[in-house]
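**Q** Fold the following and give me the result.
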Amino acid sequence: MNKKLLLIGVAPLLLNLAACNQDNSIKFDYIFTAQPVVAATNSEIFKNVQEDFKTKYSIKLTQASIFVKNGADADSVNAFLAKVAADITAGVAVPATIKAGIELAGSVQEQQNKYGVPGAMAMKVTAANNGFSLGYEVASTIKSDITSFVKILTNNAISELSDDVFYTPGVPSEEASYSNLKILAPTGAPSIALYNFATNSNFTTTSNPQEGLIPMFDTDTYDVIIAPTQGGLTKIVKQNRAYKIAATITFGNFYIVSTGRDEDKTLNEGDKVLIFQENDVPGKVFKATYGDLNLDLTAVAAVSDTRLVIENDGILKK
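**A** Here you go, the predicted model:
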């Protein structure tokens, strides 16, 4: 009787130990991530998502754009837009310029807080074939690309964009100043375009666009909001918010890295892929580009989570 009781008592313990020893980790073949994670982990790019997106849809990936408030002083806005256009051109040509600008924010931590990446890393990413995909295109001149991009990401919830949602920049006067404009941008690639605004007290960034940026279209707080293109246009078109789209400044900083586990070294059916922000721009872009491949997807919340998995040899502990 005692032996039977002993065995009965030990059985649950053995089951618990088996459960504890069970390996619930996922070993990925590929990881969808973004700059500067690629640079920070010294990863080799397996696929440039921007190129694949353009190949599939024959349009640019118009990721983030400048939106200006109706009623904002036009001369000030035009001066701001001219400054950003010139700075992007200069920064892409000489990445050290971006480093110098961001470093004016203060310590490395202060640079990180303001821009999401310190100046040295921003320079490294830009020097690597313009890894942030910085550029400047007046929105009204690429209306077709923007319209198609928004249709894809919203499943045609926004069908057409009328001319009155576009702001056409003019030539600022010689005395024009943008110093009083209140400007908001998300950290990461879009804020890097404003590397020369590090000491501008009216320039604010947020690391949480869903809570700290998109809702700002509902207020009268900012003259300029740099936002995901489809997010800003959804606010304007669907909710009649008082802004116009002026220019697109980032054209995608998404990449896929390989862990080396996929034997055929080809992204195809059944491959295990880690993605991030499944229901936001990154996840939507990934699915729009590769959704027909029947991949085995696992999603994490933030791009920083993909870095942890890359640094853990492509393994996600569950």
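**Q** Please make it C-alpha for all contacts and neighbour counts, starting now.
**A** Will do.
**Q** Would you mind pulling the contact partners of the helix or strand harbouring residue 135?
**A** For residue 135, the host element (DSSP states H and E) is strand 134-138. For strand 134-138, the external contacting residues (Cα atoms under 8 Å, 6 or more residues apart in numbering) are 85, 88-89, 92, 168-169, 189-190, 193, 246-251.
**Q** One more pass at 7 Å, please.
**A** 85, 88, 193, 246-251 (Cα atoms under 7 Å, 6 or more residues apart in numbering).
**Q** Dump those residues to TSV, plus secondary structure and pLDDT.
**A** As requested, those are exported to TSV (DSSP: H, G, I helix; E, B strand; the rest coil; pLDDT from 0 to 100):
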residue	secondary structure	pLDDT
85	helix	98
88	helix	98
193	coil	97
246	strand	98
247	strand	98
248	strand	98
249	strand	98
250	strand	97
251	coil	96
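**Q** Among those residues, which one lies nearest to residue 285?
**A** residue 251 (11.8 Å; Cα to Cα).
**Q** and the gap between residue 149 and residue 74?
**A** 27 Å (Cα to Cα, to the nearest Å).
**Q** quick one: which of the two has more around it?
**A** For residue 149 versus residue 74, neighbours defined as other Cα atoms under 10 Å are more numerous around residue 149 (22 against 18).
**Q** Who are the contact partners of that one?
**A** So residue 149 contacts 61-62 (Cα under 7 Å, 6+ apart).
**Q** name the element it belongs to?
**A** Going by DSSP H and E, residue 149 is in helix 143-153.
**Q** Tell me which residues of that helix come out buried.
**A** Within helix 143-153, the residues that qualify as buried are 143, 145-153, counting by 16 or more other Cα atoms under 10 Å.
**Q** How far does that helix sit from its chain's centre?
**A** 17 Å (Cα atoms, centre = their mean, to the nearest Å).
**Q** can you check stretch 266-286 too?
**A** The chain centroid and the centroid of stretch 266-286 are separated by 14 Å under Cα atoms, centre = their mean.
**Q** Alpha carbons of that stretch, as PDB, please.
**A** Taking C-alpha atoms only, stretch 266-286 is exported to PDB below (Å, rounded to 0.1, in the frame of the first residue of the first chain):
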ATOM      1  CA  THR A 266      14.400  30.400 -50.600                       C
ATOM      2  CA  LEU A 267      11.500  32.100 -48.900                       C
ATOM      3  CA  ASN A 268       8.600  29.700 -49.600                       C
ATOM      4  CA  GLU A 269       5.700  27.700 -48.200                       C
ATOM      5  CA  GLY A 270       6.100  26.500 -44.600                       C
ATOM      6  CA  ASP A 271       9.200  28.600 -43.700                       C
ATOM      7  CA  LYS A 272       9.000  29.900 -40.200                       C
ATOM      8  CA  VAL A 273       9.200  33.700 -40.200                       C
ATOM      9  CA  LEU A 274       9.100  36.200 -37.300                       C
ATOM     10  CA  ILE A 275       7.300  39.500 -38.100                       C
ATOM     11  CA  PHE A 276       6.500  42.500 -35.900                       C
ATOM     12  CA  GLN A 277       3.600  44.900 -35.500                       C
ATOM     13  CA  GLU A 278       1.300  42.500 -37.300                       C
ATOM     14  CA  ASN A 279      -1.600  44.900 -37.400                       C
ATOM     15  CA  ASP A 280       0.300  48.100 -38.200                       C
ATOM     16  CA  VAL A 281       2.300  49.300 -41.100                       C
ATOM     17  CA  PRO A 282       5.200  46.800 -40.900                       C
ATOM     18  CA  GLY A 283       3.000  43.700 -40.600                       C
ATOM     19  CA  LYS A 284       0.600  45.000 -43.300                       C
ATOM     20  CA  VAL A 285       3.500  45.700 -45.700                       C
ATOM     21  CA  PHE A 286       5.000  42.200 -45.100                       C
END
